[in-house]
Structure formats: structure tokens, C-alpha cells
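K.L.:
Need coordinates for the below:
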Amino acid sequence: MRHGKTGKKGKRQDPVPDHWVFSKTEQASEGEQGDAVGDPSAPFDEARCRKAQRVLRFMEMREKFFAHVVQDPAFNILIDTYISECRREAVTVGDACIAARVPHTTALRAVQALLARGELIRFDDPRDSRRKRLVLAPTARQDLERYLDALIAASAENTGSR
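P.N.:
Sure, this is the predicted structure:
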């Protein structure tokens with residue numbers, strides 16, 4: 001039996017406002033500003049989103065050649081969640097485990113660690129009470145954006161000096 005937005009005892013289970021969350025097929029209308037899982041008045045910067053996608057590609061390459069040496073499931077989860085939020089896609093715990101690129105139990109430990117540190121927020125999926133969704137906490141989003149801005153600035157310096 002599905003309980004929707006309230007649990008068995010009538011208490012609200014999802015701390016995130018409904019308008020913050022989109023499923024992968026429920027994109028925001030074309031004229032709508034803002035991000036899908038954060039403050040709707042704070043749109044994502046396209047340059048940061050593109051840089052985040054490049055970071056993810058570089059991480060995938062690094063793991064392809066050095067998988068026996070380098071594993072960073074927590075950062076993989078954070079950057080993948082950021083990209084999903086840029087695309088207005090919801091992220092489930094299962095999605096995060098896939099993004100971690102490690103065995104499922106290791107990925108779950110990484111998710112738990114990120115939740116414990118307050119870098120991710122977990123809430124009930126409003127459409128399926130069996131699933132949990134994840135969003136970046138505001139501080140984690142700010143940290144990632146500062147990191148991406150630093151990468152963008154470093155890229156600009158490198159291209160300008162040649």
C-alpha cells in the first residue's frame with residue numbers, strides 16, 4: 001500500500017518540497033527557471049554543468065586505467081548527483097550506487113557516509129514509497145560549484161597562456 005507524501009501515522013516523510021523534485025521524464029517546462037531539486041530561483045550555470053561532465057569523463061578514464069589503484073565512490077556520487085540536478089533528473093539511492101562505480105555494498109557505505117556528513121539529503125520518493133531519493137545539500141552544492149569554478153579558471157589560464 002502506497003502512503004504518498006505522508007507515512008502510516010500521517011507524518012510528512014519527505015523534507016524536500018515537491019516542486020524541487022522531478023523524475024527523469026518529468027522535465028521542467030521550457031520557460032521555467034531554476035534547478036529541479038534545489039531552490040527554484042537559483043538556476044545552474046551551464047559552464048559549471050559542462051565542466052562537471054568533463055570531470056566525470058576524466059574520472060571514468062582514470063578508473064579505466066587505474067581501477068586497481070584509484071577508487072573514489074563518494075566523489076563519484078557527488079559529481080554524478082550534481083550533473084543529474086543540472087539535467088533536472090531525480091537521483092535514487094540505486095542511481096547513486098551505480099554512479100559510485102564500486103560494488104553495491106561499498107556504494108551504500110559511501111552514500112551513508114555522505115548522508116552522515118550532511119553532503120546529501122535523503123527523502124522518500126513521492127511517487128513510490130519503496131524508493132528513496134537523494135539531493136545535494138546546499139553546502140555540498142556550493143563546495144562543488146567552487147571546485148568547478150576553480151577548474152574553469154585554471155582551464156582559462158592554461159588556454160590563455162599558450
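K.L.:
what ranges do the helices span in the protein?
P.N.:
Along the chain, counting by DSSP state H, helices occupy 46-66, 73-86, 93-100, 104-116, 138-160.
K.L.:
Which elements pack onto the second one?
P.N.:
Taking 3 or more C-beta pairs under 8 Å, 6 or more residues apart in numbering; DSSP states H and E as contact, the helices and strands that helix 73-86 lies on are helix 46-66, strand 91-92, helix 93-100, helix 104-116, strand 120-125, strand 128-136, helix 138-160. C-beta here means a position set from N, CA and C on the backbone, and glycine is covered the same way.
K.L.:
Now do the longest one and helix 46-66, the angle between them.
P.N.:
Orientation check (axes from the mean of the first three to the mean of the last three C-alpha atoms, to 10 degrees): helix 138-160 against helix 46-66 gives 80 degrees.
K.L.:
Next, the buried residues of helix 138-160.
P.N.:
Buried residues in helix 138-160, counted by 16 or more other C-beta atoms under 10 Å: A140, R141, L144, E145, Y147, L148, I152.
K.L.:
what does the fifth one give?
P.N.:
Within strand 120-125, the residues that qualify as buried by neighbour count (16+ other C-beta under 10 Å) are L120, I121, R122, F123, D124, D125.
K.L.:
one step back: would you convert the helices and strands packed on helix 73-86 into JSON lines that also reports mean pLDDT and distance to L78?
P.N.:
Shown next, in JSON lines, are the helices and strands packed on helix 73-86 (pLDDT from 0 to 100; distance: least, C-beta to C-beta, whole Å):
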{"stretch": "helix 46-66", "mean pLDDT": "84", "distance to L78": "10"}
{"stretch": "strand 91-92", "mean pLDDT": "96", "distance to L78": "11"}
{"stretch": "helix 93-100", "mean pLDDT": "96", "distance to L78": "9"}
{"stretch": "helix 104-116", "mean pLDDT": "97", "distance to L78": "7"}
{"stretch": "strand 120-125", "mean pLDDT": "95", "distance to L78": "8"}
{"stretch": "strand 128-136", "mean pLDDT": "94", "distance to L78": "7"}
{"stretch": "helix 138-160", "mean pLDDT": "86", "distance to L78": "6"}
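K.L.:
Out of those, flag the one nearest I83.
P.N.:
helix 46-66 (5.2 Å; C-beta to C-beta).
K.L.:
R130: which of the helices of the chain is closest?
P.N.:
That would be, of these and by C-beta to C-beta, helix 93-100, which comes in at 10.7 Å.
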